[in-house]
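Student: Can you look at this prediction? I've put the sequence above it.
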Amino acid sequence: MSNMKLLEVKKLDKYFDNKKILKDINFSVSKGKIVGLLGKNGAGKSTLIKLINDLLTPTNGEIFVNGNKIGVETKKIISYLPERTYLNKQMKVSEVINYFEDFYDNFDSEKAKRLLKDLDLDINQKLTKMSKGMQEKVQLVLVMSRNADLYVLDEPLGGVDPATRDYILDTILSNFNENASVIISTHLISDIEKILDEVIFIDKGQIVLQSDADKLRNKENASIDEIFRRMFKC
């Protein structure tokens, strides 16, 4: 079973009011991979991520995580970072940690506290007293402190400065076990390029390319960012 795909998406379509947002999406992710889901805004990335996290229902097609159809079981093993913060801003960080500990069996509060300390974040502070960037860091720490099989990060670097960005990428790299995988959805390709094992380009609701990152770079003799810009004339 070790070669079983961690994530499998088969013949996936998503319509909203007869408008096709995703068309015939097929791809899989093996264990131990960091995968970039790359596309311009409005390409369908967030819709795809919501489907993987059971927040939307496919119009057609199926999604499997560890061989299970999306549902209660898969939610336990996916750690999801939405694009917008959803935390109760009136809570202190320490209270949010307790909430996560109650809610998720696989949450490691010691790890969360260590990472927050590394980022100079005060766990006794209320989220309302924190900048947007700080709140994003807290949320990412919480997501990465679950011992999950699949981490799905939607635009995780939106509001943070370059130094923090590098720390966050290191955090992502060093904090998931080798059997887990990470999907990072972003349009900021140059920022995450160095940590990617594989890339999936999505445009107008369709996958236009899926490749091993190094093979693609060698073949095109260019960075992923350059290849993307060329393909989509950004």
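Tutor: Arrived safely, thanks for sending.

Student: Could you list the buried residues of the lowest-mean-pLDDT helix or strand in the chain?
Tutor: Lowest on mean pLDDT, DSSP states H and E among the helices and strands of the chain sits helix 162-174, with a mean of 79. Buried residues in helix 162-174, counted by 16 or more other C-beta atoms under 10 Å: 164, 167-169, 171-172. Just so you know, the C-beta spots here come from the backbone N, C-alpha and C atoms, and that holds for glycine as well.

Student: And those, which is closest to Glu83?
Tutor: The nearest member of the buried residues of helix 162-174 to Glu83, counting by C-beta to C-beta, is Ile168 at 15.1 Å.

Student: for that closest one, what are its contacts?
Tutor: Ile168 makes contacts with 137, 140, 156-157, 160, as judged by C-beta atoms under 8 Å, 6 or more residues apart in numbering.

Student: Look up how far Phe16 lies from Met91.
Tutor: Going from Met91 to Phe16 by C-beta to C-beta, to the nearest Å gives 33 Å.

Student: Looking at those two, which one has more neighbours?
Tutor: Higher neighbour count among Met91 and Phe16: Met91, with 15 against 11, using other C-beta atoms under 10 Å.

Student: From Glu136, how far off is the residue nearest to the more buried one when sequence neighbours are not counted?
Tutor: Using C-beta to C-beta, 6 or more residues apart in numbering and skipping the chain neighbours, the partner closest in space to Met91 is Leu127 (6.1 Å). Distance check for Leu127 against Glu136: by C-beta to C-beta, it reads 11 Å.

Student: more neighbours, those two?
Tutor: It is Glu136, of Leu127 and Glu136, that has more neighbours when counted by other C-beta under 10 Å, with 22 against 19.

Student: This protein: strands as residue ranges?
Tutor: Using DSSP state E, the strands of the chain run over 7-16, 19-29, 34-38, 60-65, 68-69, 78-81, 150-154, 181-186, 198-203, 206-212.

Student: Return the residues in contact with Gly39.
Tutor: Applying C-beta under 8 Å, 6+ apart, the residues near Gly39 are 45, 185, 187, 201-203.
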